[in-house]
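Engineer: Quick check, what structure comes out for this input:
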Amino acid sequence: MNENHPYVLWAKKVIYEYVKNRNIAEFDDYSHKELFDKKRGCFVSLHKSNGELRGCIGTIIPVYENLIIEIRENAIAAATRDPRFPAVVVEELEDLIISVDILSELEKTKSIEELDPKVYGVVVKSGYKKGVLLPDIEGVETVEEQLRIAKLKAGIFQNEPIEIFKFTVERYF
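Structural biologist: Residues are numbered from 1 along each chain as shown. Now for the predicted structure:
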């Protein structure tokens, strides 16, 4: 496992500190602080060493003052508040593989021909309902499957009118 990127090291530090001690980590000892002087949406994903998803929470647009805090809050949420999983416990920490996706700006699409599930994530929106699916997800090979999953996550019915937005990610391990 190669977790050398500062974003991932930061997410790992936050998760370990929170799961072990219930403390919210402060940014103080990273030499690449300039990398965090951005304001972007991000997702933190946790997988077990066997590849199973263990948690994934994120923001499609930034909600905090910088990427340091955005990653910190999403890392804690991925480890403790993903409604699909129980909270991560100390015994699981060494088995986690952490990735951080930094999102581009959302771009409204005019046609599904603009999409490619290996390149673009999608946001589908119908009224107040909104579903998100990151790009390059294992097992998602077609645009139709990507849109079906995003709509399902949002509770959007098959025939509801939707708006579709696409985005790219910088994925770090």
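Engineer: Helix, strand or coil: sort out the residue nearest the centre of the chain for me.
Structural biologist: The residue lying closest to the centre of the chain (C-alpha atoms, centre = their mean) is residue 43, at 2.0 Å. Under the three-state scheme (DSSP: H, G, I helix; E, B strand; the rest coil), residue 43 adopts strand.
Engineer: One more: residue 102?
Structural biologist: strand.
Engineer: For it, give me its contacts.
Structural biologist: 7, 38, 40, 41, 42, 67, 169, 170, 172 (C-beta atoms under 8 Å, 6 or more residues apart in numbering). C-beta here means a position set from N, CA and C on the backbone, and glycine is covered the same way.
Engineer: before we move on, which element is the closest residue to it other than its chain neighbours in?
Structural biologist: Leaving aside its sequence neighbours, residue 102 sits nearest to residue 170 (C-beta to C-beta, 6 or more residues apart in numbering; 4.5 Å). Assigned by DSSP states H and E, residue 170 belongs to strand 169-172.
Engineer: in the chain, which spans are helices?
Structural biologist: 6-21, 67-80, 143-154 (DSSP state H).
Engineer: can you tell me which of these comes nearest to residue 110?
Structural biologist: When the helices of the chain are ranked by distance to residue 110, counting by C-beta to C-beta, first place goes to helix 143-154 at 13.8 Å.
Engineer: Tell me the helices and strands packed up against that closest one.
Structural biologist: strand 121-126, strand 129-133 (3 or more C-beta pairs under 8 Å, 6 or more residues apart in numbering; DSSP states H and E).
Engineer: residues making contact with that helix?
Structural biologist: 112, 115-117, 122-126, 129-133, 137, 140, 157-158, 160, 162, 164.
Engineer: what is the mean pLDDT for it?
Structural biologist: Taken as a whole, helix 143-154 has an average pLDDT of 96.
Engineer: which stretches of the protein have low pLDDT?
Structural biologist: 1-3, 29-32, 35 (pLDDT under 70).
Engineer: OK, contacts around residue 134?
Structural biologist: 43, 45, 56, 101, 121, 169.
Engineer: The second one: neighbour count?
Structural biologist: Put plainly, it is residue 45. 25 (other C-beta atoms under 10 Å).
Engineer: how many other residues sit next to residue 13?
Structural biologist: 17.
Engineer: Make sure the residue nearest to residue 102 is actually in contact with residue 101.
Structural biologist: Yes: Residue 170 lies in contact with residue 101 (C-beta atoms under 8 Å); the separation is 7.1 Å.
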